[in-house]
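S.K.: Kindly generate the corresponding structure for this input.
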Amino acid sequence: MPHRHTAIMTAALRLLACAFVSLLVLVAAPSAGADLAEEVQLAQRYAPVVRLVEQREECGHGEPYEPIDVDVLFGEPTVALRGPWNPVDLVKIGPAAADLVGRYEYHLDFPGNPLDPGCGYERWARRITAGSASTVYAHVAGDSGHPGKLALQYWLFYPFNDFNNLHEGDWEMIQLLFDARNAGEALEEEPTSVGYSSHEGAEQADWGEDKLELVDGTHPVVYPAAGSHANKYTDALYLGSSAQAGVGCDDTQGPHVELRPSVKTIPSDRTAARQAFLWSAFEGRWGELRPAFFNGPTGPNVKRQWTEPIEWSEGWRPRSYAVPTGGVLGTSATDFFCEGVTKGSRWLVRLLRDPGPTLLLLAALLALAVFAGSRTSWRPAEPLRIARRRSWGQILTAASQMYVRRAPLFLGIGLLLIPAGIVISLLHSLLLGGFGVLGVDTTGEGAGAVVLLVVTVGTILALLAFALVQAATTCAIVQIDAGRSVGPIAAYRLALARIRPLLGGLALAVAVWVALSVTTLLVPVAVWLVVRWALLAQTVVLEEPSALGGLRRSAELVRGRWFRVASLVGLGAVLALAAGPLLGALLILLTDAPLSLLNLVAGVVYALAMPFVALTTAFVYFDARVRGELEPRGAAEELPAEIELLSG
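M.R.: Model (predicted):
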């Protein structure tokens, strides 16, 4: 009997437990449904308006890709699921969304080669999206580290990223912030701010700020840049020179095609989200596996902003820099930068896609350098007795020997460039912040005008620092040649005695350069003048105590030797400027080093290389001066006979 009573009690307890669980389900289910309904309502209220750059002809300028419904990828026989061990391991052709669940470091592979896209991706995307509506995915998310704050995100997926970093698939997003704990409370409030994703960062706007354009009072307008899909607030050409802002030029200029994408809301509840959108459990890449920044992107669910949206928003930048559309510092002044980055990116793509032609070109250039080197004499190259004629090769050898023998001296002189770079960076920050405080427009084109002014000031300061390095280096080797001891501080003290004419000559040269280079037609003239004035620092500290006199004397010394001076000084300066960024870029491509390493490496290499360029310039100066004073300039009117001819 006791056993029977125990069994009855156990059964009763089980029935009670089941009833309690059922009651919880009945109570919780309507609550969860109500939460999702409020999230859907919130997502519909603030759905973005997307204005794409119009593409008027196939494969022409503009944006051919719309934000798509990713469901068109699933079951599609031209899409493959691969990985995770290498790019060619095939899991399935035409994978379903369920096949992506829990796949860590696998990747989707679309038809085509992202490093040689041609029109293939454009035509493929048009085929698979036929009859499908443009779509964005909404997601409401809180942040455990910031209670009382709520984020409403809209995720946009593009089939291909046709920018400098070519890659299959591209996830972009915009995010609205609310002072609310849930969607229900957010429906009673206005957003506090908005963030538009742009490359590795995002740009912020306060709700109601002038640069934020709204349709019907609640729908933010977003301008995705053609190719990169970096989200912008206005219609303009934007400059970027960092990982956060992108490296290159983002173009959102019209005419535009306006889209009102369909909104699909991913529940904030993780379990419900995975049931409704199986692909939200994919932990791989939405595009082909490729090296470095040509890799396909990860999905929203593995990004930091998915789980820490408020924390992520604290790193948003306040502005982007648009190129002014008018004035002498307008678009013509930035064409070189935009085209240079684009061509450099395409060169890198060609190198990765087919290294053969690039290696052949490098081999040809190396052979040409060896041939040119064999046509000049390199020794004797004793660097002392500086006032003497030297061949092209002897100048380089003498500069190298002087640098090595007096490395502490010239490294000390070059170290000025490091604090100078810090001062320039601080000045940039102070000027940009100061313009905002003074009420000067620092958004859109206003920001572009300000940043161009700041860059101009920074460039002048950098040139001044280099001119001081040149002057100090020249003073140092004159003291060494005279048998006197000299250190970096003493060398700079001697150079600073002529700082006023040096600064004046540099200012005149920069003014002429700017005036000529704003028009493409006169850029060759500007380059010609730069080489003619390359010996300004040496002439000022050793001969001419005036700005105009220094420029005239430099031009006189270079006359008849332009290519010689250009090849020694110009090539050396270009290599010194390029060595740091190239080395930093190689480290980033070949290692897991952060992108910030680029600036550090470039600064150090620049500081080490510029004293050598200064030494080379000094030896060029002494060679030109000696040749000018010892070799006759004019030609004889009549050549005399050198042997007598017997007659008769």
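S.K.: drop to CA atoms for contacts and neighbour counts, all remaining ones
M.R.: Noted.
S.K.: Now the phi/psi pair for residue 549, please.
M.R.: Phi and psi for residue 549, reported as degrees, to the nearest 10, are phi -60, psi -40.
S.K.: Which residues are in contact with it?
M.R.: For residue 549, the contacting residues are residue 540, by C-alpha atoms under 8 Å, 6 or more residues apart in numbering.
S.K.: so where do the helices sit in the stretch 51-200 of the chain?
M.R.: Using DSSP state H, counting those that start in this stretch, the helices of the stretch 51-200 of the chain run over 120-128, 183-186.
S.K.: what would those helices look like in JSON lines with distance to residue 293?
M.R.: Below are those laid out as JSON lines (distance: least, C-alpha to C-alpha, whole Å):
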{"stretch": "helix 120-128", "distance to residue 293": "18"}
{"stretch": "helix 183-186", "distance to residue 293": "36"}
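S.K.: closest to residue 59 out of those?
M.R.: Checking the helices of the stretch 51-200 of the chain against residue 59 by C-alpha to C-alpha gives helix 120-128 as the closest, at 7.5 Å.
S.K.: Could you give me the buried positions within that closest one?
M.R.: 121-122, 125 (16 or more other C-alpha atoms under 10 Å).
S.K.: roughly how far apart are residue 464 and residue 307?
M.R.: Using C-alpha to C-alpha, to the nearest Å, we find residue 464 at a distance of 48 Å from residue 307.
S.K.: can you check residue 65 too?
M.R.: 28 Å.
S.K.: Give me the more crowded residue out of the two.
M.R.: Comparing residue 65 with residue 307 by other C-alpha atoms under 10 Å, the one with more neighbours is residue 65, at 24 against 16.
S.K.: what's the neighbour count on residue 611?
M.R.: 28.
S.K.: That one: what's it in contact with?
M.R.: 403, 410-411, 413-414, 469-470, 473.
S.K.: So, low pLDDT: which residues of the stretch 151-300 of the chain?
M.R.: By pLDDT under 70, the low-scoring segments of the stretch 151-300 of the chain are 239-248.
S.K.: Show me where it has its strands.
M.R.: Under the criterion DSSP state E, counting those that start in this stretch, the stretch 151-300 of the chain carries strands at the ranges 167-178, 193-198, 201-206, 214-215, 219-224, 231-232, 237-242, 246-251, 256-259, 262-266, 283-285.
S.K.: would CSV of the ones you listed with distance to residue 619 and mean neighbour count be doable?
M.R.: Shown next, in CSV, are the strands of the stretch 151-300 of the chain (distance: least, C-alpha to C-alpha, whole Å; neighbours: other C-alpha atoms under 10 Å):
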stretch, distance to residue 619, mean neighbour count
strand 167-178, 48, 24
strand 193-198, 48, 24
strand 201-206, 47, 21
strand 214-215, 63, 14
strand 219-224, 53, 22
strand 231-232, 51, 26
strand 237-242, 36, 20
strand 246-251, 38, 22
strand 256-259, 57, 15
strand 262-266, 69, 20
strand 283-285, 56, 23
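S.K.: Any chance of TSV for those strands, columns distance to residue 498?
M.R.: What follows is the strands of the stretch 151-300 of the chain, written out as TSV (distance: least, C-alpha to C-alpha, whole Å):
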stretch	distance to residue 498
strand 167-178	54
strand 193-198	47
strand 201-206	46
strand 214-215	58
strand 219-224	52
strand 231-232	48
strand 237-242	36
strand 246-251	39
strand 256-259	56
strand 262-266	68
strand 283-285	60
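S.K.: quick one: which of those is nearest residue 608?
M.R.: Of the strands of the stretch 151-300 of the chain, the one closest to residue 608 (C-alpha to C-alpha) turns out to be strand 237-242, at 23.4 Å.
S.K.: ends of stretch 297-305, how far apart?
M.R.: Its start and end residues considered, stretch 297-305 measures 14 Å (C-alpha to C-alpha).
S.K.: Give me the distance from it to the chain's centre.
M.R.: 22 Å (C-alpha atoms, centre = their mean, to the nearest Å).
S.K.: With stretch 540-557 instead?
M.R.: Using C-alpha atoms, centre = their mean, the offset of stretch 540-557 from its chain centre is 39 Å.
S.K.: Could you tell me which residues within it count as buried?
M.R.: 540-541, 544-557.
S.K.: And residue 522, how far from residue 217?
M.R.: Residue 522 sits at a distance of 49 Å from residue 217 (criterion: C-alpha to C-alpha).
S.K.: returning to that earlier point: min pLDDT across the buried residues of stretch 540-557, which one?
M.R.: Within these, the minimum per-residue pLDDT falls on residue 544 (78).
S.K.: which stretches of the protein have low pLDDT?
M.R.: Residues of the chain meeting the criterion pLDDT under 70: 1-34, 239-248, 321-355, 358, 417-418, 420-462, 517-520, 575-603, 632-642, 646-648.
S.K.: hmm, back to that, out of the buried residues of stretch 540-557, which are inside helices?
M.R.: In this view, the buried residues of stretch 540-557 that belong to helices under DSSP state H are 540-541, 547-557.
S.K.: wait, isn't residue 392 in contact with residue 379?
M.R.: No - contact criterion C-alpha atoms under 8 Å: residue 392 and residue 379 do not qualify, at 10.5 Å.
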